[in-house]
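Asks: Build me a structure from this.
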Amino acid sequence: MKCRQVSLIKSKRSAKHKLRVALFVILAIIIALVIYYIKVVCPIIVNLSEERVRSLATSTISEVVGDVLLQEGISYNDIAKIKYSDSNTVEMIEIDSVKTNILIREITRDVQKQFDLLGHQGIKIALGTFTGIPFLYGIGPNVSIQLVPIGTVNTKINSNFKSAGINQTLHQLFFVVNAGIGMVLPAKTENFNTELEILLCENIIVGKVPEVYLQGGLI
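Replies: Reported below is the predicted structural model:
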């Protein structure tokens with residue numbers, strides 16, 4: 001009788017020990033997989049996706065700016081007014097701040113809307129990419145990665161002057177759109193900042209342009 005009780009006790013202890021070992025092994029595997037995902041897989045996913053995210057952001061901004069300019073039908077003379085002196089020297093280049101501010105508001109608003117839509121669509125990455133094994137990249141069903149607009153979209157106008165010949169200067173006005181996009185991965189969020197400069201309008205100025213404009217721009 002006592003031998004049987006001792007055997008049962010030993011059997012229970014052995015079962016508990018095996019259970020502890022199994023739980024420890026499972027926990028160690030889970031921890032190793034988490035570390036592998038964070039240290040190996042996440043950087044790979046970020047690097048592979050960054051170019052795609054920036055490409056989406058760039059095409060979105062370009063499309064929005066193009067649509068706004070097409071709708072408004074803006075030309076150089078609508079934005080800038082050039083005043084000459086009697087000696088054919090440029091006295092002043094005046095930018096219409098009301099029109100430029102309206103354009104900036106429209107573009108900022110529309111880019112923000114399009115980025116919100118991008119956030120709902122996300123980007124697709126093949127499941128095999130998440131293994132971190134190069135020959136499995138692009139293999140398997142697609143996993144949707146959520147995109148999140150980070151902060152606000154900032155838009156401004158820059159001015160640039162270039163020599164275009166004797167007594168001629170090319171004056172260019174650019175939209176500069178800066179926006180943040182976040183990519184939401186399991187256990188991690190990666191933020192990207194993208195900035196795009198798009199030509200608004202340009203004009204050849206005939207006559208001498210003061211050095212204060214040539215050196216410091218206009219806006």
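
Asks: What helices and strands are in contact with the helix or strand containing Ser49?
Replies: Secondary structure assignment for Ser49, by DSSP states H and E: helix 42-72. Contacts defined by 3 or more C-beta pairs under 8 Å, 6 or more residues apart in numbering; DSSP states H and E place helix 42-72 against helix 97-121, strand 123-126, strand 142-163, strand 168-185, strand 188-206. For the C-beta atoms, the positions are set from N, CA and C on the backbone; glycine is no exception.

Asks: per-residue confidence averaged over stretch 85-101?
Replies: The average pLDDT within stretch 85-101 is 81.

Asks: Now it: buried residues?
Replies: Of the residues in stretch 85-101, Val90, Ile93, Thr100 count as buried by neighbour count, 16 or more other C-beta atoms under 10 Å.

Asks: ok, back up a step: save the helices and strands packed on helix 42-72 as a markdown table, and put in distance to Asn47 too.
Replies: Formatted as a markdown table, those follow (distance: least, C-beta to C-beta, whole Å):
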| stretch | distance to Asn47 |
| --- | --- |
| helix 97-121 | 20 |
| strand 123-126 | 12 |
| strand 142-163 | 13 |
| strand 168-185 | 11 |
| strand 188-206 | 10 |
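
Asks: and of the ones you listed, who's closest to Leu27?
Replies: Comparison of those against Leu27 by C-beta to C-beta identifies strand 188-206 as nearest, at 21.5 Å.

Asks: re the thing from before, restrict the helix or strand that the helix holding Ser49 is followed by to CA atoms and write it as CSV.
Replies: From helix 42-72 onward toward the C-terminus, using DSSP H and E, the following helix or strand is helix 76-79. Provided in CSV are the C-alpha atoms of helix 76-79 (Å, rounded to 0.1, in the frame of the first residue of the first chain):
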residue,chain,number,x,y,z
TYR,A,76,1.9,83.8,-62.6
ASN,A,77,0.2,87.2,-63.2
ASP,A,78,-2.6,86.1,-60.8
ILE,A,79,-0.1,85.7,-58.0
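
Asks: Quick one: work out the angle between the following helix or strand past helix 76-79 and strand 142-163.
Replies: Per DSSP H and E, helix 76-79 leads on to strand 80-84 as the next helix or strand towards the C-terminus. Strand 80-84 and strand 142-163 are oriented at 10 degrees to each other (axes from the mean of the first three to the mean of the last three C-alpha atoms, to 10 degrees).

Asks: ok, and for strand 80-84, which residues are buried?
Replies: Within strand 80-84, the residues scored as buried using 16+ other C-beta under 10 Å are Ala80, Ile82.

Asks: Rebuild the buried residues of stretch 85-101 as CSV, extending it with distance to Leu196.
Replies: Converted to CSV, the buried residues of stretch 85-101 look like this (distance: C-beta to C-beta, whole Å):
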residue, distance to Leu196
Val90, 30
Ile93, 25
Thr100, 18
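
Asks: Kindly indicate which of these lies nearest Ile123.
Replies: Thr100 (33.6 Å).
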